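Colleague: Sequence and predicted model, in that order:
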Protein chains: 2
Amino acid sequence: METLEVDLAERSYPIFIGQGLLDRADLLAAGLPQPRVLIVSNETVAPLYLTRVRAAFAAAGVEALDVVLPDGEHFKDWPTLNRIFDALLGHRCERATTLVALGGGVIGDMTGFAAACYQRGVPFIQVPTTLLAQVDSSVGGKTAINHPQGKNMIGAFHQPQRVLIDTDSLATLPAREFRSGLAEVIKYGLIRDLPFLEWLEVNLDALLARSPAALAEAILRSCRNKAEVVAADERESGERALLNLGHTFGHAIETGAGYGVWLHGEAVAAGTMMAAELSQRLGWIDASLVARIGRLFERCSLPVVGPALGEERYLELMAHDKKVQGGRLRLVLLRAAGRAVVSADAPVADVAAAIAARCRAGAVPFLESAHG
Amino acid sequence: METLEVDLAERSYPIFIGQGLLDRADLLAAGLPQPRVLIVSNETVAPLYLTRVRAAFAAAGVEALDVVLPDGEHFKDWPTLNRIFDALLGHRCERATTLVALGGGVIGDMTGFAAACYQRGVPFIQVPTTLLAQVDSSVGGKTAINHPQGKNMIGAFHQPQRVLIDTDSLATLPAREFRSGLAEVIKYGLIRDLPFLEWLEVNLDALLARSPAALAEAILRSCRNKAEVVAADERESGERALLNLGHTFGHAIETGAGYGVWLHGEAVAAGTMMAAELSQRLGWIDASLVARIGRLFERCSLPVVGPALGEERYLELMAHDKKVQGGRLRLVLLRAAGRAVVSADAPVADVAAAIAARCRAGAVPFLESAHG
């Protein structure tokens, strides 16, 4: 088992990465303020892992309540979040009750937001079971739900007590979900870690075959990057925004196509290609790097073009981005392989041209053949 | 104009108290990160003051958007909160947009919670127009909405940038609302400020006549108490809980009677009598102090008994209180005039007996004759 620390002074916490962690009562129950937790999971993950996690808590003498939500990005909304509050109040949970997020990014974001708001803040633990959640969303304390007009628009910064990443749980992950997670892994290489990008190019086949050694290495290096960025800039006043490479375009795709139609990582892959295309148009990177990034995504069967929503609709959706300042769109763009910057310099015409160049009528988020 | 400081390190902020502050462009617009605000008000307060506040912002070159919500505690819920998010997104408000709460405690709590959550946190300013909001809820950063099973169960700690208390706005406050606010004023005397309690006993008639000098003094002394307590214990791990004298009983009355039937201060007055009754049963204070407190409330035409919900129902509603720890009810009780403590020592039988002694079938939150 590997252990990383997210260094945030009094809000610091450990990330544990290894096999079989879902059964580790010692890690799950350590330091609970009260021997009572509410596990939040979804209808896909609960049948696979809920019994095991409940048993681990029981072994540690902890009463484990649970609430099982429907699965999918389109349930990342208030009515579904409210089911967590109903469960908390129905069970008379107190300020010392700990929430446990057992699932992917949607479960982690909603459980974290519920923990941020219930009685103005209770502790929570992240137990991510998807690659995307393990390498990205479970670390760093960003929590949110969606609004019909924009993704992740209503949320809070609320750091977990710890993150338990059981790499064994990836064995049951559907191919499409797994590949979606790889988009966020590749992101770290692109924005700040050229050696990792090169490692990914060499080891991608092993990763796609879900080699435990390759997975452990990719997750560790991703989490280390994430932990470093979050420790330096918890509230995204600077460097942390770089983690949003491809996300402004990607959120527009997710919202515009309807929540859940494109998986987050799929939208980020197409969005990253738009950002790369724009970086090239600005003369910051050359075509060979754009092609190099596209090859990596294509090896993962990830999309390199977005849906044809129309450039106007893209720009309208992007205007809701949390990085907009003074009406100016701030985008994460590439200066080189392994180096991203936040820039408000791109003329709107170039942004529109980059979108146009990288969207296609009939674009689909995944190829059935690659994921069957 | 008087100025107090709420001392919370990097989250410190000023409270301005005086006449005519609603027109003070300099105070309203100082230090905005962006010349754009969204004013949140309600259907009662907006016709009285919104135009003036908008004009003050305009004079400072600030674009002032607004959203006007229905008035009342029963609208302190998610659907109404969501109207603030709709307005923010509809106007493409950014992370640098400041929210302005123009109204009473419900508007302040909801605006503050919207500010805590929109894009994971934007700044906000409190402009309280009711006595209750001026002396209590606008200061200290507690924000929340209600859940059908419990008051203020979903919220956040989110400190405002500043608080502007225009004492002139009390001139238009209905008598019932005004008297409700006095319950929180009296609270400060009871829990930690015996000289203030004695001052209130001497000056209550002037206060009830809304003498500007008496009001200014009462608001200043209340806010000073609140600011001191919040500075010492922002997150209510200790002393801040004392501010909840009468509130655990009071929240049960508010929730049990149906949100909005009893005003918050009315429920707090009856709840404070239950807490005093219980303190006497425990032998901590004598009957003369209970009577002394009752006389103060009665001079304000505030209720000294709660509705007959049944002791079981009271206890059930109180079990949701945020101060419950390990299944044990923690109550704010009195040790003397001017000295409260948090205690988990009261036997349930005594709590039930105190409730029974202080509730009455047909108890009403106010006497029409006193408020006509």
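Modeller: That came through, no problem.
Colleague: Quick one: low-confidence residue ranges for chain A.
Modeller: A:367-372 (pLDDT under 70).
Colleague: in the longest helix along it, what counts as buried?
Modeller: Looking across chain A with DSSP state H, the single longest helix is helix A:212-232. For helix A:212-232, burial by neighbour count (16 or more other C-beta atoms under 10 Å in any protein chain shown) applies to A:214-231. Bear in mind the C-beta positions are built from the backbone N, C-alpha and C, glycine included.
Colleague: my guess is A:A101 meets A:P123, correct?
Modeller: No. Judged on C-beta atoms under 8 Å, A:A101 makes no contact with A:P123 at a distance of 11.7 Å.
Colleague: what is in contact with the two at once?
Modeller: Shared contacts of A:A101 and A:P123 (C-beta atoms under 8 Å, 6 or more residues apart in numbering or on different chains): A:P160.
Colleague: How about the residues of the stretch 1-150 of chain A by chain B?
Modeller: A:34, A:78, A:82, A:85-86, A:89-90, A:92, A:94-96, A:116-121, A:142-144, A:147, A:149-150 (C-beta under 8 Å from any C-beta of the partner chain).
Colleague: May I see the PyMOL selection of the buried members of these?
Modeller: The buried subset of those, as determined by 16+ other C-beta under 10 Å, is captured in PyMOL by this line:
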select buried, chain A and resi 34+85+89+92+94+95+96+116+117+118+119+120+121+142+143+144+147+149+150
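Colleague: Of the residues of the stretch 1-150 of chain A next to chain B, which belong to strands?
Modeller: The strands, defined by DSSP state E, take in A:142-144, A:147, A:150 from these.
Colleague: Count the residues that sit near the nearest residue to A:T172 once chain neighbours are set aside.
Modeller: Take A:T172 and drop its neighbours on the chain: the residue closest to it by C-beta to C-beta, 6 or more residues apart in numbering or on different chains is A:L48, 5.6 Å away. Residues lying near A:L48 (other C-beta atoms under 10 Å in any protein chain shown) number 17.
Colleague: just the strands in chain A please.
Modeller: Using DSSP E, strands in chain A cover A:2-6, A:13-18, A:36-42, A:63-69, A:98-103, A:124-128, A:142-147, A:150-157, A:162-166, A:306-307, A:331-336, A:339-343, A:359-360.
Colleague: Pull the residues that contact the longest one.
Modeller: Pointing back at strand A:150-157 there. With C-beta under 8 Å, 6+ apart, strand A:150-157 has contacts from A:78, A:109, A:112-113, A:116-117, A:141-147, A:234-235, A:251, A:254-255, A:259, A:317, A:320-322, B:85, B:89, B:116-121, B:156.
Colleague: Please save the CA atoms from that strand in PDB.
Modeller: C-alpha atoms of strand A:150-157 as PDB (Å, rounded to 0.1, in the frame of the first residue of the first chain):
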ATOM      1  CA  GLY A 150     -24.300  24.700 -15.800                       C
ATOM      2  CA  LYS A 151     -22.200  21.800 -14.400                       C
ATOM      3  CA  ASN A 152     -20.900  21.900 -10.900                       C
ATOM      4  CA  MET A 153     -22.400  25.300 -10.400                       C
ATOM      5  CA  ILE A 154     -23.600  24.700  -6.800                       C
ATOM      6  CA  GLY A 155     -21.100  23.300  -4.400                       C
ATOM      7  CA  ALA A 156     -18.400  23.800  -1.700                       C
ATOM      8  CA  PHE A 157     -14.800  23.200  -0.900                       C
END
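Colleague: tell me the angle that strand makes with strand B:150-157.
Modeller: 90 degrees (axes from the mean of the first three to the mean of the last three C-alpha atoms, to 10 degrees).
Colleague: What separation do you get for A:A30 and A:L220?
Modeller: 21 Å (C-beta to C-beta, to the nearest Å).
Colleague: repeat for A:S169
Modeller: A:S169 sits 16 Å away from A:L220, taking C-beta to C-beta as the criterion.
Colleague: ok, now A:V100?
Modeller: Per C-beta to C-beta, A:V100 is found 23 Å from A:L220.
Colleague: picking up where we left off before, near chain B at all, the longest helix of chain A?
Modeller: No. Helix A:212-232 lies out of reach of chain B by C-beta under 8 Å from any C-beta, never closer than 13.6 Å.
Colleague: Let me know whether A:V68 touches A:T51 as I believe.
Modeller: No. A:V68 is beyond contact range of A:T51, at 11.9 Å (criterion: C-beta under 8 Å).
Colleague: Neighbour count: the two, which is higher?
Modeller: Higher neighbour count among A:V68 and A:T51: A:V68, with 20 against 10, using other C-beta under 10 Å.
Colleague: can you pull the contacts of A:E217?
Modeller: By C-beta under 8 Å, 6+ apart, A:E217 lies in contact with A:199, A:203.
Colleague: Please name the bridge partners of the closest residue to A:S41 other than its chain neighbours.
Modeller: In space, and not counting its chain neighbours, A:S41 is closest to A:L102: 4.3 Å by C-beta to C-beta, 6+ apart. Beta-bridge partners of A:L102, counted by DSSP bridges, are A:V127.
Colleague: contacting residues for the most centrally placed residue in chain A?
Modeller: Residue closest to the average C-alpha location in chain A (C-alpha atoms, centre = their mean): A:S137, at 3.5 Å. Going by C-beta under 8 Å, 6+ apart, A:S137 touches A:104-105, A:108-109, A:128.
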